[in-house]
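Need a 3D model of the sequence below.
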Amino acid sequence: MICYFWLLFYKCCIVAAKSGVEPSGCVELAKHVIQSCTNLQFCGLMTIGMLDYTSTPENFKALANCRNEVCKALGIPEEQCELSMGMSNDFEQAIEMGSTNVRIGSTIFGPREYPKKK
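As a prediction, this is how the structure comes out:
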């Protein structure tokens with residue numbers, strides 16, 4: 001059997017073209033997937049903050065609070081629940097706020113190059 005690891009994408013702010021579960025639905029969705037999707041293993045939560053990084057601390061605090069609620073509801077230790085937040089421009093703040101996983105591809109590989117629309 002193949003088992004996929006997954007992070008619940010938490011919608012902490014309104015970012016165009018981004019989806020995710022609303023804060024009020026985190027616990028319910030995590031429970032549903034854990035109980036009903038046996039080939040998925042819950043690993044934690046992730047978020048992408050505001051693109052201008054002005055509200056980064058609030059976004060990170062909101063995700064940390066969500067992890068607390070999910071762990072309490074599921075009866076799992078917080079140490080076993082990844083907190084993936086922070087990208088190339090704000091990873092240091094994310095680490096200070098408890099991130100266990102940062103995404104720094106732009107720092108390593110350079111900025112993304114999107115195809116030009118015709």
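
Need the single longest helix in the protein, by residues.
helix 56-74 (DSSP state H).

buried sites along that one?
Residues Thr56, Asn59, Phe60, Ala62, Leu63, Ala64, Cys66, Arg67, Val70, Cys71 are the ones in helix 56-74 that count as buried (16 or more other CB atoms under 10 Å). Just so you know, the C-beta spots here come from the backbone N, C-alpha and C atoms, and that holds for glycine as well.

contacting residues for the residue nearest to the fifth one when sequence neighbours are not counted?
Ranked by CB to CB, 6 or more residues apart in numbering and with sequence neighbours excluded, the top spatial neighbour of Leu63 is Thr47, at 4.8 Å. Under the criterion of CB atoms under 8 Å, 6 or more residues apart in numbering, the contact list for Thr47 reads Phe9, Tyr10, Lys11, Cys12, Gly20, Asn59, Phe60, Ala62, Leu63, Ser84, Met85.

Give the bridge partners for the second one, please.
Spelled out, it's Tyr10. Val21 (DSSP bridges).

mind checking how far Gly86 is from Pro23?
Taking CB to CB, to the nearest Å as the measure, Gly86 falls 19 Å from Pro23.

scratch that, Phe42 is what I was asking about
17 Å.

More neighbours: these two, which one.
Phe42 (21 against 15; other CB atoms under 10 Å).

returning to that earlier point: sheet-wise, list the partners of the helix or strand following the longest helix of the chain with their directions.
Next along the chain after helix 56-74, taking DSSP states H and E as the criterion, comes strand 82-87. Within its sheet, and counting by DSSP bridges, strand 82-87 is paired with strand 40-46 (parallel), strand 101-103 (parallel).
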